[in-house]
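**Q** the sequence and its predicted three-dimensional model are supplied below.
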There are 2 protein chains.
Amino acid sequence: MISEKMKPLVNNNSAIRAMFEEGNKLRAQYGAENVFDFSLGNPNVPAPEEVKEAIIDLVTNEDPVILHGYMSNAGFEDVRQAVAESLNRRFDTKFAAKNIIMTVGAASGLNVILKTILNPGEEVIVFAPYFLEYGSYIRNYDGVLVEITPDTSTFQPNLAEFEEKITANTRAVIVNTPHNPTGVVYSEETIKKLAAILEAKQKEFGTVIYLISDEPYRELAYDGVEVPYLTKYYDNTVVGYSYSKSLSLPGERIGYLVIPDEVDGSDEVITAASIANRVNGSVNAPSLIQKVIGKCVDCQVNLDYYDRNRTTLYEGLTKVGLKCIKPEGAFYLFVKSPVPDEKEFVKAGKKYNILMVPGSSFACPGYVRLAYCVSYETIVNSLPAFEKLMDEYK
Amino acid sequence: MISEKMKPLVNNNSAIRAMFEEGNKLRAQYGAENVFDFSLGNPNVPAPEEVKEAIIDLVTNEDPVILHGYMSNAGFEDVRQAVAESLNRRFDTKFAAKNIIMTVGAASGLNVILKTILNPGEEVIVFAPYFLEYGSYIRNYDGVLVEITPDTSTFQPNLAEFEEKITANTRAVIVNTPHNPTGVVYSEETIKKLAAILEAKQKEFGTVIYLISDEPYRELAYDGVEVPYLTKYYDNTVVGYSYSKSLSLPGERIGYLVIPDEVDGSDEVITAASIANRVNGSVNAPSLIQKVIGKCVDCQVNLDYYDRNRTTLYEGLTKVGLKCIKPEGAFYLFVKSPVPDEKEFVKAGKKYNILMVPGSSFACPGYVRLAYCVSYETIVNSLPAFEKLMDEYK
């Protein structure tokens, strides 16, 4: 009954569902506090108090016809201006309101920009490991996903292979930094090299190649690491942002696209993206939450909580002999499986009530992802379980 | 720089923009109170007070991690249950929570169901006049729009032509009642005939034809008219709903799909629609507003306001010699142009600061649409202007 395109998605979904149901079964059997569920990237730190205050202020003092009403498909002008100014303050950029398009989260933002620029059969490059959903977004517009194999020594992008795989048919490249699932932040050196390759290939093929920077984890960076702002390194950069993590509002579906003036055909791309926002069915980002963003544009959640989890879990796992790059951002550890087939390791973990996601789900087998956006107690209580698990591999 | 599919949309957009800018120019020149802008279907009655109370209650008393957090892609279970129960109470249906998928408004709901069922090249039938954006939604999935010419005597659907145009390749039919732009409510008799035709054609071709009922105006019905609930007349009916009008929340992007158990392959369609909701980038309907719906599921805006506008404008226009069907629902009048080329009439109206939308924008030339979701004063003050305008045609 369903369309051909939806069939593989439905089949794949049953695997995710099975994993979720297995977690529920364990929780029912052993009690939620005895199950160490590192499988979900769902923020557990509450939204900052300012969000609540902003909501109450807005519904109390604003005209409901405007607050809950339609606006331009690109979003409220004042909110877009506030976002632009915040970016300019923090990253020394020169954006105006018109460069910002408010979107229904970053997932919708990525769909909007792909719909805007992608023709059937055109290629979009992604670096493994990567969020597999990128593939669904690309196929929504009949694009072709081109995968670059991971450099597992650093999890910085494999630029040699990248350079080889760019063709005259390459329309876009998606990067994600801070990175899901590795927690790596792309260094300025990496980004400069990546930009130089793109510049050269644009010239070689006489094409425009968009660099799409998916940045839901931008503010989740630790140890004072800098997360370079990509529009400053390469003109044809479009940024997709989400407040899901920085303000712990994932269910609210609020984010934005940045389409700088430097982008080739910027005006046309901005107009088309606003229309794509409308015709994909979003119409506009949710209005009340847009206005909340206007008021809370420089707020953020308590990062110390994630940072303590990061350090505790990293040190605990290292101590029992597991290996991973110490993440500088996001809220994931990407851990090398002690056996080549990481699905076996994931299965073994369940015996100790440890739930992890196999790296195959990010096109990077041999690793597992642990999301440490859980309670500190879960981290601490899980460490003896990891010790027992690792005893099996001695 | 933009994709081939976006190009016609961008070109078409400039016409809408030109109209909007013309309105702004008139407002700047003559003052907003002297411009009679009937061009926008934007609710001007505020959301009911209960919405504000629900928002304050929720942000004050609920755990923000849940209130603003991810939930199942189909929506919060308790909200879906509340919606199902409300429908069952009002329409004597038998929906469960699983039959309801919360969506980013009705526009997103239509996109979700079309993505779920439509293969490239399959046909979707619409009845003129219709909301032209349906065409964009259908083309998003490479479907083919098939248009039925209007029955201008009643603006009930032209069922004779409908029957002829159904083919083995017909995948869906979209209906919209109460209707934009005519305000007509499809009678029970019409719906029974339409259902019988669909049943017969399904049998003839051995196919499944989905009836998609786009119902953002369901609660905007006057004179005690009944708006039949379509799932009760035809098994393969999917309902797309929005709270944009019933609760005056158009900017919040909140609505739902109903996929009844009676739909062919219901379980698979429900699963696929939830996934389509995710991969189209919505992920889920905005979380706080979902919870508001759970609390305000039986609330509605003050209909008397629209009803007074409807009566006053209808009577005023009739008096100066304009002809239209008295609408029983929505907030539009679809008025016969006194000259065959309605664009000429729209142009003439501007001389008197009257802004109307040509029927061509709804695939029905020779008519103009007036949205009466404006202030009562605008209606009253516009009547002398209409009188002057009509003097030109005596």
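**A** Now that the structure is in, tell me what you want to look at. Numbers count the residues shown, from 1 in each chain, chains lettered A, B, ... in the order given.

**Q** where's residue A:241, which helix or strand?
**A** strand A:237-242 (DSSP states H and E).

**Q** anything in that strand near chain B?
**A** No - for strand A:237-242, no contact with chain B is found by C-beta under 8 Å from any C-beta of the partner chain; the gap never falls below 10.0 Å. C-beta coordinates here come from the backbone N, C-alpha and C atoms, glycine included.

**Q** just checking: what are the partner strands of that strand?
**A** strand A:210-214 (parallel), strand A:255-258 (antiparallel) (DSSP bridges).

**Q** mind putting those in a markdown table, mean pLDDT included?
**A** Compiled in a markdown table, the strands paired with strand A:237-242 are given as follows (pLDDT from 0 to 100):
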| stretch | mean pLDDT |
| --- | --- |
| strand A:210-214 | 98 |
| strand A:255-258 | 98 |
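
**Q** could I get these as a markdown table with mean neighbour count?
**A** Shown next, in a markdown table, are the strands paired with strand A:237-242 (neighbours: other C-beta atoms under 10 Å in any protein chain shown):
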| stretch | mean neighbour count |
| --- | --- |
| strand A:210-214 | 25 |
| strand A:255-258 | 27 |
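
**Q** so for residue B:230, which of these sits nearest?
**A** Proximity to residue B:230, assessed across those by C-beta to C-beta, is greatest for strand A:255-258 (35.3 Å).

**Q** after that closest one, next one along is what?
**A** Next element after strand A:255-258 (DSSP H and E): helix A:266-279.

**Q** ok, which of the strands paired with strand A:237-242 comes nearest residue A:136?
**A** strand A:210-214 (13.8 Å).

**Q** contacting residues around that closest one?
**A** With contacts defined as C-beta atoms under 8 Å, 6 or more residues apart in numbering or on different chains, strand A:210-214 is touched by A:106, A:110, A:113-114, A:117, A:131, A:171-177, A:194-195, A:198, A:230-231, A:234, A:236-240, A:263.

**Q** re earlier: helix A:266-279 and the strand holding residue A:241, what's the angle between them?
**A** On the basis of axes from the mean of the first three to the mean of the last three C-alpha atoms, to 10 degrees, strand A:237-242 is oriented at 30 degrees to helix A:266-279.

**Q** how about strand A:237-242: buried residues?
**A** Buried residues in strand A:237-242, defined by neighbour count with 16 or more other C-beta atoms under 10 Å in any protein chain shown: A:237, A:238, A:239, A:240, A:241, A:242.

**Q** go on, stretch A:146-166?
**A** Using 16+ other C-beta under 10 Å as the test for burial, stretch A:146-166 gives A:146-148, A:150, A:152, A:155-159, A:162-163, A:165-166.

**Q** ok, stretch A:302-313 next?
**A** If you call a residue buried by 16+ other C-beta under 10 Å, then stretch A:302-313 has these buried ones: A:303, A:305, A:306, A:307, A:309, A:310, A:312, A:313.

**Q** ditto for stretch A:218-231
**A** Neighbour-count burial for stretch A:218-231 flags A:218, A:219, A:220, A:221, A:222, A:227, A:228, A:229, A:230, A:231 (criterion: 16+ other C-beta under 10 Å).

**Q** looking at the last one now. What's its pLDDT?
**A** If I follow you right, that is residue A:231. At residue A:231, the model reports a pLDDT of 98.

**Q** partner residues bridging the residue nearest to it when sequence neighbours are not counted?
**A** Nearest non-adjacent residue to residue A:231, counting by C-beta to C-beta, 6 or more residues apart in numbering or on different chains: residue A:237, 4.5 Å away. Counting by DSSP bridges, residue A:237 forms beta bridges with residue A:211.

**Q** what about residue A:237, distance to chain B?
**A** Distance from residue A:237 to chain B, counting by C-beta to the nearest C-beta, to the nearest Å: 14 Å.

**Q** correct me, but that residue touches residue A:260?
**A** Yes - contact criterion C-beta atoms under 8 Å: residue A:237 and residue A:260 qualify, at 6.9 Å.

**Q** shared neighbours of these two, which are they?
**A** Overlap of the contact sets of residue A:237 and residue A:260 (by C-beta under 8 Å, 6+ apart) consists of residue A:231.

**Q** what about residue A:155, is that helix, strand or coil?
**A** Using DSSP: H, G, I helix; E, B strand; the rest coil, the structure places residue A:155 in coil.

**Q** quick one, phi psi at it?
**A** Dihedral angles of residue A:155 (phi, psi; degrees, to the nearest 10) stand at phi 60, psi 20.
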